[in-house]
Structures are given as structure tokens and as C-alpha cells.
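Visitor: A predicted structure for the sequence below; I have some questions about it.
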There are 2 protein chains.
Amino acid sequence: MKQRITLKEISKRLNVSISTVSKALSDSPEISDKTKEVIKAFAKEHNYKPNNIALSLKNQKTKNIGIIVPEIVHHFFSSIINGVERYATGKGYNVVVCLSDESFEKEVITAQMLANGSIDGFILSLSKGTQEKQDFHHLNEVINQGMPIVMVDRVTEHVACDKVIIDDTQGAYHAVSYLIEKGAKKIGLITMPDYLSVGRLRAQGYIQALTNAGFEVNPEHVLKLEELNGGQEEIKTFIEKHDFDAVFGVTEYFAVTAMKAAQKMGKRIPEDFSVIGFTDGIISQCASPALTTVSQHGEDIGKQAAMMLIDRLENEGRELKYNTNVLKTTLIHRESTK
Amino acid sequence: MKQRITLKEISKRLNVSISTVSKALSDSPEISDKTKEVIKAFAKEHNYKPNNIALSLKNQKTKNIGIIVPEIVHHFFSSIINGVERYATGKGYNVVVCLSDESFEKEVITAQMLANGSIDGFILSLSKGTQEKQDFHHLNEVINQGMPIVMVDRVTEHVACDKVIIDDTQGAYHAVSYLIEKGAKKIGLITMPDYLSVGRLRAQGYIQALTNAGFEVNPEHVLKLEELNGGQEEIKTFIEKHDFDAVFGVTEYFAVTAMKAAQKMGKRIPEDFSVIGFTDGIISQCASPALTTVSQHGEDIGKQAAMMLIDRLENEGRELKYNTNVLKTTLIHRESTK
DNA sequence: CTGAAAGCGCTTACAG
DNA sequence: CTGAAAGCGCTTACAG
């Protein structure tokens, strides 16, 4: 268990100064070729690697970026992280992944911890708790301390920073319009509570599509679920109670659960009952029949966010204005619609 | 955009030495109560937070751990990361997540980068490329430099370190035995190439179960797939060619793909055709019918690995022996079996 | 009770 | 061409 070798150690062993070693290894023209050669050979032989921590302290930048997501065992969020990781690694940055567990308190603690110098900036998607509480002081504080942040997907207008979102309303609008176009007359909506921005916006798209087609919007046809990974019973009752010929689910989980409920009732998909979900994840692909869904392109979102963050980090001089990048969604046609 | 305040700045503003400020903030008994009070009040007002990087350099430990996984958009691996993150955060550690993309080269680069001082140790699951190449010098090098690593799930005996695995053979054995018990006579196996440890071990379990029941093992009934997220065509052909009454898939993806192929052929699940998969992920839960599967408890694996790593980091004095922690699997009964 | 000094591992402006 | 010094932000053994 030999310790890693340092410049100091090399300088001692080679009887030169630390400065000389440092310069030689960075190939400075100040140093003679002969000295460089000796030093480089020795460094290589002993597998010298500069200590990142020391460099960070010296340079006042860590080349680390953080990302805080509500959960990680989730196709959409892990796709975002994937996009961030890929871009960041390409630019020489490491990614520190943190979870808020949908909790306001944990988000606050995590944001403060990240602000303690171990990273240069971070990306975050608001937790459920924070959106419910509408308290964003922790983020504004961090920004005030000079740390750039980029918000993705679950954002708020109460924090001034770069953002990457998708057009949730439009995505939902297209999906529901498609259902109507294919002949659906009675379309149910399964969504989240209004304080969750994406739920609210997607519900708007549903309403717009119905209105636009001259349908009436019946509040009875809308189910709002608190629990993002549960509510199977409620969905079952909802599907059984109304005689829908189509359902739009605001997550792929909602959609597939609705589809399974309809199947259990003996409905044929898509002849008797069509379904469209949101998020093109593994659930949609593996369901039988496979789900038609609105793809959010999570990896793109992550990539864009990482790009904006790193851009800002590397152009600290010129103050850029904050941007909001709105990405397009795509309707992916599969077997759950006609 | 005010910069974060440092001890130096506080000492200047309060006309005391840096040492005094440092001691006061750590509540040292050396400092008078009055001085402490003043300094603490000032620090609080200006929201002083010690710079983590400086602490890391001073303490020679970063309180960061790394994790390298082949991919992240994957239920099993994201579950492992989840388990690691939870435990590590509780212990005051940050988690740096890196991807190898199943590539040997990327794994080498990533391991070397992580060894450059930004973390205290890391957890890793071997990439496909590394297992194919059977080259582990990068890991042994890192260990030689004094950085502890813990391997999870995809491990090798050529690296001496702590490991957390599941009993793959036994998990597969139980699954296939269950199929036999329920009356299956002709059971297909969909697995990975032998150089992937988990594929090899699970295939062994399949063979043991058949042999134990007095069945003959027919190599024709075994399909080995290189592509972990593909092979739909091969699976379809395989299912169509043989008249299986059950299939055991070594991943949930293989299992669900086999099930869909059987369904398309008009087979009823589980009356005509039973399926069991491996990994209790979202795919298994959302498939229709829901998949019976061998749960690997990914989150537990992550938690155990983080525990072993942090244990080693915090007990550096006494050299602990390397351990291999073998976790039990559980067969989760759902709708794809009788 | 307070402060100057050394040190963690590095870089770089400045002397020689 | 080489090296001593200062500095990044902190802690701590040692003086006073």
C-alpha cells in the first residue's frame, strides 16, 4: 500500500526544486530538455498523477458538477443523468449525483452541501415537496453565492437561472388530439396534483385538445393522483366507472396501469380502448401491447442542461443572460393506439 | 454575485488572526467566550461555510466515493446506485457516479481519473468489455496506490478486494426448479455469453435444476445473446422453433421479450407457457401479465457495498481482510407462472 | 487567551 | 535554466 507520489517527493529524490519538477512536467520552455527528460521519466516510472484536490484549491475550480434529482430508479431521471454524464465527461467534468427523494428538506440540505465548494455548479429538478411548499430560498441563496445552477423539467419562475424544459402542454395536446383523430369520443385523463408543474401543464394540453375538437371537458373524467408510483386501486375504479374508449396518462406508469385495468375488464387494446402515456421509457416499450407515448427525450434534456452549465462555468467573465431552452416532444406510435 | 467568505476575510474584518477565527468556529476551549461569540455571529451573518476542497487537502480525505457502472438507464444498476447514495449520504459522503458504457477503455480511463484524488475509494461493476478482455490491471494498479475498491455483481477473482454478489446459480436453480415443479417439461434458457460471470452462473443453475429433476440438458434449448438490450428477432425465432412450455430468461428483458413472442404465437400465459425472469425491475412489474422473477435486491447490494467501502475508509489503521458478501435472491411469484 | 508558523499538493510571478 | 516565495483555504502544534 504505497502512497501516491507527490512533486515534493520527486524533487527530493531528484535533488531539484519543486518548482522545477512542476514546470518540467507541464513541459514549460523554461526548463532544459535534459532536466525535463529525467524528471518525466522518473514521474512516469513512479506513476505520478497530480493531486486533483490541490489543483482544485489552486485553480478555484473543481471540474465537478452536481445533479440533484427526486429519484434515480426512474427511467426519465436516469436518462437525464445519462445525458449529463456523457456530455460532462467529454468536457472533463465529473458528475456528483444526489437524490432529494422528493423531499423539500433533503433538497435543501443537499443543495447547501453541494454549495460548500466540492463542485462548480449544479443541475436540479425540483422535488415534489419543494413544489408543494413553493419555497425556493435555498436555491436563490446558492445562486447569490455565485454558484450557477440549471433547472430541468420540474422548474419554477421564482428562481432566475438557466432552464431546460419540454413543451408539456403541447405534448399532451398532440397526444389527445391524436386520440380524437382516431375516433375516440370519451377520453379519460390520469394526472398529478396541480402544484406539480408538469402535471398542470399536461392537463392543460388535454383540455385544449378537447376544447379544440368541440368536446366538453368533464371534470369527472379527470383523475388526479398524489402518489406517483401507486394508485392502482384508484385507477382501476376510475376505469371501471366510466366507459372510456381512450385514456391519456400523464406518466407511463399511469398509462400502463390504466391499460392493464382495461384489459382485466376484457377490453381489447386498441380496438375497444386506446392508451397514450408520457415518457418513452422501458415500461412503454415492454408493455403488451407496447404503449404509444409522448417521448420527452430525457437524455437530450440532460445534455442541454450540462451544456448550458459548463458554458456558463467556462465563460464566467461575460455575464450571459439566463435562457430557457424548450425542447420538442415526439409522439411515438406503438400498439396501444389505432 | 458576491464570493463566498473565507476565514482570512473574517479575520481581516474582525481584526483577529486566522487561527483565532478557525478555533472560535470549531468551538475550541482555547478561545474566550466573548471572542467566540463575536466571531460566530459574524460568520453566521455572512453565511460562512468552510471550503470543502481546502478541508480535503488538509485532511487527506475527500468524503467522496465513486461508483462506476456499465450503464445507468437500467433498473438494476440504478437501484444499486440508489442503495449506495442512501447509505453514503447518511454517513456524510457524496457519491460521484461514472459510466463505463460497457467499454473496457472507458472503464480504464474512468478508474484512473477517479484515482486522481477526488474520491477516497470507489465501487464498481465490471463492464462487458473488461470481462471479455479479462484485463484487470487498471483495478489492481489503483488498489496498489492505496485506494480501496469494492466490486459488485459483476466481479472477478483476479482482483483482490471486497465484493458484494448474489448467488446467481442458486437463484436460477430455484427458478427453474419451480418451473419443473409446476409441470414444465421443456424449458428454454435465454442467457448471455459465458464470459459474463452472471450469465455463466445462472446458466449453471438452469443445468443443475434440470439434471436434478432427471431431465436431459439439450444445448439446442439454450440461446446465448451478445446484445443485452436487443436480440428480439433471435428470441422470436428461438421461441417459434421449439415448442417450449416454459422459458427462463437471465434478465427481465429477455424474459419479457420471450413472453411477448409466445403471446404473438397465440399461447396463453401461464396456461400454455410460463416465464421467469431475473431482476425484479419495473419491466417485470408492468408487463402483462406481470412477470414472475428472481429478485436481486439491487438496493441492498448497493447498501452493502457502500457499507464495506466506508468501513474500510474509516478503519484504515487495522488492515481488514477482504470479504465477499453473498446476498440471497428471492423468487417473486406473479402472473407469468402457474 | 491570541497569534505566527508550518503544512496539505500544487502553480506561477519573480529573482538570480 | 533553476529555485525561493507566495498563495489557494484550512487546521493545529507550538510560542508568547
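Guide: That came through fine.
Visitor: any idea how far the most centrally placed residue in chain A is from B:Leu126?
Guide: By C-alpha atoms, centre = their mean, chain A has its centre lying nearest to A:Ile80, at 3.8 Å. Distance from A:Ile80 to B:Leu126, counting by C-beta to C-beta, to the nearest Å: 25 Å. In short, each C-beta sits where N, CA and C put it, glycine included.
Visitor: residues contacting A:Thr257?
Guide: A:Thr257 sits next to A:Gly231, A:Gln232, A:Ile235, A:Gly249 when contact means C-beta atoms under 8 Å, 6 or more residues apart in numbering or on different chains.
Visitor: next, the buried residues of whichever strand or helix holds it.
Guide: Secondary structure from DSSP states H and E places A:Thr257 in helix A:252-264. The neighbour-count check on helix A:252-264 (16 or more other C-beta atoms under 10 Å in any protein chain shown) flags A:Glu252, A:Tyr253, A:Phe254, A:Ala255, A:Val256, A:Thr257, A:Ala258, A:Met259, A:Lys260, A:Ala261, A:Ala262, A:Gln263 as buried.
Visitor: mean confidence for that helix?
Guide: What helix A:252-264 shows for mean pLDDT is 93.
Visitor: burial count for the closest residue to DNA strand D within the stretch 101-250 of chain A?
Guide: Residue of the stretch 101-250 of chain A nearest DNA strand D, by C-beta to the nearest atom of the strand: A:Gly117 (7.6 Å). A:Gly117 has 22 neighbouring residues, counting by other C-beta atoms under 10 Å in any protein chain shown.
Visitor: which SS state does it fall under?
Guide: coil (DSSP: H, G, I helix; E, B strand; the rest coil).
Visitor: if I pick it, what's in contact with it?
Guide: A:Thr62, B:Arg4, B:Lys49, B:Asn51, B:Asn52, B:Ile53, B:Ala54.
Visitor: isn't the fifth one right next to A:Ser118, touching?
Guide: Yep, that's B:Asn52 we're talking about. Yes. Using C-beta atoms under 8 Å, B:Asn52 is in contact with A:Ser118, at 4.5 Å.
Visitor: give the residues shared as contacts by those two.
Guide: In contact with both B:Asn52 and A:Ser118: no residue, using C-beta under 8 Å, 6+ apart.
Visitor: stretch A:95-113 close to chain B?
Guide: Yes. Under the criterion of C-beta under 8 Å from any C-beta of the partner chain, chain B is reached by stretch A:95-113 at A:Val95, A:Val96, A:Val97, A:Cys98, A:Leu99, A:Thr110, A:Gln112, A:Met113.
Visitor: and the residues you listed, which are buried?
Guide: Buried among those by 16+ other C-beta under 10 Å: A:Val95, A:Val96, A:Val97, A:Cys98, A:Leu99, A:Thr110, A:Met113.
Visitor: which residue is the nearest non-sequential neighbour of the last one?
Guide: So that's A:Met113. Nearest residue to A:Met113, sequence neighbours excluded (C-beta to C-beta, 6 or more residues apart in numbering or on different chains): B:Asn94, at 7.4 Å.
Visitor: separation between A:Pro29 and DNA strand C?
Guide: 12 Å (C-beta to the nearest atom of the strand, to the nearest Å).
Visitor: what pLDDT does the model give that residue?
Guide: Reported pLDDT for A:Pro29: 88.
Visitor: A:Glu319 now?
Guide: At A:Glu319, pLDDT is 66.
Visitor: the one 10 residues further on now?
Guide: At A:Thr329, the pLDDT value in this model is 94.
Visitor: OK, contacts around A:Glu181?
Guide: So A:Glu181 contacts nothing (C-beta under 8 Å, 6+ apart).
Visitor: low-confidence ranges in the stretch 51-200 of chain A?
Guide: Within the stretch 51-200 of chain A, not a single segment meets pLDDT under 70.
Visitor: for the residues of stretch A:95-113 next to chain B, work out which two are farthest apart.
Guide: Pairwise distances among those were taken by C-beta to C-beta; the largest, 18.9 Å, belongs to A:Val95 and A:Gln112.
Visitor: send me stretch A:31-43 as CSV with only the CA atoms.
Guide: Output in CSV follows, covering the C-alpha atoms of stretch A:31-43 (Å, rounded to 0.1, in the frame of the first residue of the first chain):
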residue,chain,number,x,y,z
ILE,A,31,13.3,24.1,-18.3
SER,A,32,16.2,22.4,-20.1
ASP,A,33,15.4,19.4,-22.2
LYS,A,34,17.7,17.2,-20.3
THR,A,35,16.1,18.0,-16.9
LYS,A,36,12.7,17.6,-18.4
GLU,A,37,13.6,14.2,-19.7
VAL,A,38,15.0,12.9,-16.4
ILE,A,39,12.0,14.3,-14.4
LYS,A,40,9.4,13.0,-16.8
ALA,A,41,11.0,9.5,-16.9
PHE,A,42,11.0,9.4,-13.1
ALA,A,43,7.4,10.6,-12.9
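Visitor: is any residue of that stretch near DNA strand D?
Guide: Yes. Contact of stretch A:31-43 with DNA strand D (C-beta under 7 Å from any atom of the strand) involves A:Ile31, A:Ser32, A:Asp33, A:Lys34, A:Thr35.
Visitor: narrow those to those that are buried.
Guide: Buried members of these, counted by 16+ other C-beta under 10 Å: A:Ile31, A:Thr35.
Visitor: endpoint to endpoint, stretch A:228-235 covers what distance?
Guide: Start-to-end span of stretch A:228-235 (C-alpha to C-alpha, to the nearest Å) is 12 Å.
Visitor: got it, and stretch A:41-60?
Guide: 30 Å.
Visitor: residues of chain A that sit close to DNA strand D?
Guide: Going by C-beta under 7 Å from any atom of the strand, the residues of chain A near DNA strand D are A:15-20, A:23, A:29-35, A:54, A:57-58, A:60.
Visitor: give me the residue from the stretch 151-300 of chain A nearest DNA strand C.
Guide: The nearest approach of the stretch 151-300 of chain A to DNA strand C comes at A:Asp162, 28.6 Å away (C-beta to the nearest atom of the strand).
Visitor: that residue reaches A:Val150, doesn't it?
Guide: Yes. Between A:Asp162 and A:Val150 there is a contact under C-beta under 8 Å: 4.5 Å.
Visitor: identify the contacts common to the two.
Guide: By C-beta under 8 Å, 6+ apart, the residues touching both A:Asp162 and A:Val150 are A:Ala305, A:Met308, A:Leu309, A:Arg312.
Visitor: most surrounded residue in those?
Guide: Neighbour max across the shared contacts of A:Asp162 and A:Val150 (other C-beta under 10 Å) = A:Ala305, 30 neighbours.
Visitor: does that residue touch A:Val150 like I think?
Guide: Yes. Between A:Ala305 and A:Val150 there is a contact under C-beta under 8 Å: 4.7 Å.
Visitor: joint contacts of the two?
Guide: The contact lists of A:Ala305 and A:Val150 share A:Ile123, A:Asp162, A:Val164, where a contact means C-beta under 8 Å, 6+ apart.
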